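Engineer: Curious how this folds, go ahead:
(chains A and B)
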2 protein chains.
Amino acid sequence: MTGPLRLRHVPIDTNREPVAYLPRHSSVCRPEDFQALAKIELRGGGTPILATLNIVDHDDMLARDEVGVSDQAFALLRLPEGTPIEIEQAPPPASLDAVHAKIRGAELSQGAIETIVADIAAMRYSRMEIAAFLVACAGFLSTGEVLNLTRAMANVGASLHWPGDIVVDKHCIGGVPGNRTSMIVVPIVAAHGLAIPKTSSRAITSPAGTADTMEVLARVDLDASEMREVVAAEGGCLIWGGHVNLSPADDILISVERPLNLDPPGQLVASILSKKLAAGVTRLVLDLPVGPSAKVRDKAGALQLRKLFEYVADQIGLAIDVGITDGTQPIGRGIGPALEARDVMQVLNGEASAPADLRERSLQLAARVLELDPALRGGSGLARARDLLESGAARRKMGRILAAQGRPPTGAVLGGLTHAIPAVADGRVSAIDCYRIARLARAAGAPFDKGAGIDLLKKVGEPVERGEPLYRLHSCLDANFRLAVAAAETDCGYRVGRAHGPEAKDA
Amino acid sequence: MTGPLRLRHVPIDTNREPVAYLPRHSSVCRPEDFQALAKIELRGGGTPILATLNIVDHDDMLARDEVGVSDQAFALLRLPEGTPIEIEQAPPPASLDAVHAKIRGAELSQGAIETIVADIAAMRYSRMEIAAFLVACAGFLSTGEVLNLTRAMANVGASLHWPGDIVVDKHCIGGVPGNRTSMIVVPIVAAHGLAIPKTSSRAITSPAGTADTMEVLARVDLDASEMREVVAAEGGCLIWGGHVNLSPADDILISVERPLNLDPPGQLVASILSKKLAAGVTRLVLDLPVGPSAKVRDKAGALQLRKLFEYVADQIGLAIDVGITDGTQPIGRGIGPALEARDVMQVLNGEASAPADLRERSLQLAARVLELDPALRGGSGLARARDLLESGAARRKMGRILAAQGRPPTGAVLGGLTHAIPAVADGRVSAIDCYRIARLARAAGAPFDKGAGIDLLKKVGEPVERGEPLYRLHSCLDANFRLAVAAAETDCGYRVGRAHGPEAKDA
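Structural biologist: From the prediction side, this is the model:
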């Protein structure tokens, strides 16, 4: 233990990695003593925290008897500036021994998994330690380990409870741009009368999460008590899960999985089902899209994943219905929050211009959710869903949910910088690369600019003439616009097949 | 591409992770656009670099049109402050696809391994990406992959060439405190007349590397041309490898392996042999200590590791002689640079007080190295080694090597804060925990304080009386001293066995 040093908040956002700063010529300790290993531990009363150490050479930034902490470390410490802080070389979290055992091929006990998850939730793991855990798990996880991981992740966060046994939900594993069915399914199901307290994520690497798109229409950063009020009044909600804290360990794991582009089946199942368990959901319809540029590439992989979902759901007492759907191209036309919200409202409003694929998929999924209602006669789910949509009941329910959640924080004007990407040949659209389209929408500014994104004008199977626009880019900022146009001109993500002969890759 | 921003050096040492800083309210871009993914790319002429993004809220630190970079990023960029810099979201290095393939269990091609190693050496991997690669490799590496990794790591750095075919070296895989045989073997072998251009590492998590201990006696941070001069004049040297840049990828991998406490056999073999290959070594004696608290725990593991070393060495044309030695307790008496240097000089000077175990082990290893000389009659290596040591030839050679390398940068006075740890019972020392003793020496201040460490007064098998000192702690700074004494009083690392009855764990 070395110290005390005086605590100072260094206003740097280190994005999920708590960082501590020591002056090179500290009057209290020698920073080099601490830098070789992973982390230092800071104690100042309350729970000690771990932080990565950076050494500051500049005299202006820190006094010689101070220790600085980044935004994230300051928030975790919850102590005022000036508090005396002791520091010491932090031993690695004890649960890392279990990670090493996993690397060597062991099956982890329930206790080992619980301590790993608790240490991760307490931010005691560095990002490289989290990466080590994830990769070790990606190698092999037994079904028992996936189950224990699901339970441990659910237990470490908050949990919600609802009156009544039937609490339904609908979830998509993601990977297909524009797939905003939740915003249509929730009002249909709530209008029917089932409880559907839906929490969603914001985009991390995609151009929009359901929470981002919903935020175009309403406030989404509700806490648990506000959420309860909305669900009590309307039977359903569509909020961001971030303030409800259902699975804090999972949020941290995801922040490493995404940049590493790592999404192994065991983690995926534990991530989704732990949140449903914590959210008090009892019956779940899971949408599992399959396509060459989606998360699940083929039917065999989808079947395996379905079985794993079913096994874990059975063990934790969650009724699940897994639907394997078409994930070969984006759903609807808009990609990006405002454009997707437009599609959703067109469907709910019953407009003739509404994208038929989004409408049909939403109805199919809503039907499966309604079939979970014992009061409904088997097989009548689809008719009931269609009726609730076509009668305007779903639209009215959505209006009430939006009003209950509150006004959105900012406007979402569609980006005024637009550019149409033309077909370079006559033919028929034969493929749209979901991954590429998502990248381009993101380059255009989505999800940070709610009005940025891509408006698809042609879908797979439609005929196109040379020069006819395939889609339109929308940006709000010039820098994003130039970046997105240049990227689309390099690879636009569309394939146009000729009537006879080989396919041509556009642009 | 966004920009240009003006380059500013932010004097923060981020320890091997290049970091870029953007002001929250940048006049040029929106930092949040860039933060979700792993890294941003900075271009300003010359080779672009990748950096982790931190966002600065403080107006004093950066102007709104600036991008700041940490010490490490500034050194990599090699551009003056004020240079216009363009930034963009960095795509993950292309070679990460191969890492994903490895995670899924694939055997990597030579080309895939080469691109991974090149990207790592260019610092294009974040620490979490390196962790992912290391853990994927820890799961399984074929002997072919280890071979390709060895070659790729050797090729990516500098390489040394020497006149003559016989260039020998002696290497220990480490893990046993006080094992400073290199500093005795090199002068013996050089006195015999073989070329032995030895590069060593500094301690990362241990209390001393050979380079740290040698630095008590001479300058060690020689570059390649200075190294060549010393070897041309004296036939041998004992320098730090850091300025010779033999395997930059390995240096980076090690900086993640150590804090993760990850040292899988394949990486270990590739790490050592790549450096020998790049250093122009043609014949190698490898010391592989086995003990319950050493790197290799049992004979079966040692045999497996020996075979892997032999296979790779054969393929790269390096003659190797692997010796499996006793690693059950520290070697010599001193742990920490100054104390270890004292032991070494006692052996070279032929002092009666010299630690016999260090002397004997050094002679055995020197003998094995000498047997690599075709001019020497088989079986006479040990006699020759003993003769060179006892005649003073090795001592004189060491004196000339020290003079050729130059004076050490600072003095190394033995730490004046001392504390003896007593036996708590009569008996016989039955075990010394290498790992614990290393931790305690490090707590005392080694290797940063050259004079800090532990002086062992009793070794395994020696009788002790209750209250008699087992070892003495030395520190230079009060904070380290208090820390080390408290830690030693919790667990001193010794076991003292009673004449009859169960063992007692001391303190």
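
Engineer: which SS class is residue A:294?
Structural biologist: coil (DSSP: H, G, I helix; E, B strand; the rest coil).

Engineer: which one is the residue positioned nearest the centre of chain A nearest to, not counting chain neighbours?
Structural biologist: Taking C-alpha atoms, centre = their mean, the centroid of chain A lies closest to residue A:201, which sits 4.0 Å from it. Nearest residue to residue A:201, sequence neighbours excluded (C-beta to C-beta, 6 or more residues apart in numbering or on different chains): residue A:209, at 4.7 Å. Every residue, glycine included, has its C-beta placed from N, CA and C.

Engineer: how close does that neighbour get to residue A:238?
Structural biologist: To residue A:238, residue A:209 is 11 Å away according to C-beta to C-beta, to the nearest Å.

Engineer: who has more neighbours, the two?
Structural biologist: Taking neighbours as other C-beta atoms under 10 Å in any protein chain shown, residue A:209 and residue A:238 compare with residue A:238 leading, 29 against 21.

Engineer: OK, contacts around the more buried one?
Structural biologist: By C-beta atoms under 8 Å, 6 or more residues apart in numbering or on different chains, the contact set of residue A:238 is A:182, A:183, A:186, A:198, A:200, A:210, A:214, A:218, A:220, A:401, A:405.

Engineer: got those residues as JSON lines, with neighbour count columns?
Structural biologist: Output for the contacts of residue A:238, formatted as JSON lines (neighbours: other C-beta atoms under 10 Å in any protein chain shown):
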{"residue": "A:182", "neighbour count": "24"}
{"residue": "A:183", "neighbour count": "25"}
{"residue": "A:186", "neighbour count": "31"}
{"residue": "A:198", "neighbour count": "27"}
{"residue": "A:200", "neighbour count": "22"}
{"residue": "A:210", "neighbour count": "30"}
{"residue": "A:214", "neighbour count": "31"}
{"residue": "A:218", "neighbour count": "22"}
{"residue": "A:220", "neighbour count": "27"}
{"residue": "A:401", "neighbour count": "27"}
{"residue": "A:405", "neighbour count": "24"}
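
Engineer: how about those in CSV, adding pLDDT and secondary structure?
Structural biologist: Below are the contacts of residue A:238 laid out as CSV (pLDDT from 0 to 100; DSSP: H, G, I helix; E, B strand; the rest coil):
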residue, pLDDT, secondary structure
A:182, 97, helix
A:183, 98, helix
A:186, 98, helix
A:198, 96, strand
A:200, 92, strand
A:210, 95, helix
A:214, 97, helix
A:218, 97, coil
A:220, 96, coil
A:401, 98, helix
A:405, 98, helix
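
Engineer: coming back round to it: let me know whether the residue nearest to residue A:201 touches residue A:447 as I believe.
Structural biologist: Yes: using C-beta atoms under 8 Å, residue A:209 makes contact with residue A:447 at a distance of 7.1 Å.

Engineer: residues bridging contact with those two, i.e. touching both?
Structural biologist: Counting by C-beta under 8 Å, 6+ apart, the residues touching both residue A:209 and residue A:447 are A:202, A:203.

Engineer: Can you read off the backbone torsions of residue A:271?
Structural biologist: phi -60, psi -50 (degrees, to the nearest 10).

Engineer: Go ahead and confirm it touches residue A:247.
Structural biologist: Yes: applying C-beta under 8 Å, one finds residue A:271 in contact with residue A:247, separated by 7.3 Å.

Engineer: who has more neighbours, those two?
Structural biologist: Neighbours per residue, other C-beta under 10 Å: of residue A:271 and residue A:247, the larger number sits with residue A:247, 32 against 22.

Engineer: That one: what's it in contact with?
Structural biologist: Residue A:247 makes contact with A:153, A:154, A:156, A:157, A:271, A:274, A:275, A:278 under the criterion C-beta under 8 Å, 6+ apart.

Engineer: Please identify which helix or strand holds residue A:338.
Structural biologist: helix A:337-348 (DSSP states H and E).

Engineer: sorry, back to before: between residue A:209 and residue A:238, which contacts overlap?
Structural biologist: Shared contacts of residue A:209 and residue A:238, counting by C-beta under 8 Å, 6+ apart, come down to residue A:200.

Engineer: Can you tell me how far the nearest residue to residue A:346 once chain neighbours are set aside is from residue B:475?
Structural biologist: Excluding the flanking residues, the one nearest residue A:346 by C-beta to C-beta, 6+ apart is residue A:354, at 3.7 Å. Separation of residue A:354 from residue B:475 (C-beta to C-beta): 75 Å.

Engineer: how many neighbours does the closest residue to residue A:398 other than its chain neighbours have?
Structural biologist: What sits nearest to residue A:398 in space, not counting adjacent residues and going by C-beta to C-beta, 6+ apart, is residue A:187, at 4.0 Å. If you count neighbours by other C-beta under 10 Å, residue A:187 ends up with 31.

Engineer: got it, and residue A:55?
Structural biologist: Residues contacting residue A:55 under the criterion other C-beta under 10 Å number 22.

Engineer: Confirm it sits in a helix?
Structural biologist: No: using three-state DSSP, the secondary structure at residue A:55 is strand, not a helix.

Engineer: residue contacts, it?
Structural biologist: Residue A:55 is in contact with A:21, A:22, A:23, A:24, A:31, A:32, A:35, B:12, B:13, B:15, counting by C-beta under 8 Å, 6+ apart.

Engineer: can you pull up the bridge partners for it?
Structural biologist: Beta-bridge pairing for residue A:55 (DSSP bridges): residue A:22, residue B:13.

Engineer: which residues touch the residue nearest to residue A:346?
Structural biologist: A:343, A:346, A:347.

Engineer: Is it correct that the first one is in contact with residue A:332?
Structural biologist: Looking back up the chat, that one is residue A:343. Yes: using C-beta under 8 Å, residue A:343 makes contact with residue A:332 at a distance of 4.1 Å.

Engineer: so where do the helices sit in the stretch 351-500 of chain A?
Structural biologist: In the stretch 351-500 of chain A, the helices defined using DSSP state H, counting those that start in this stretch lie at A:356-370, A:381-390, A:393-405, A:434-443, A:478-490.
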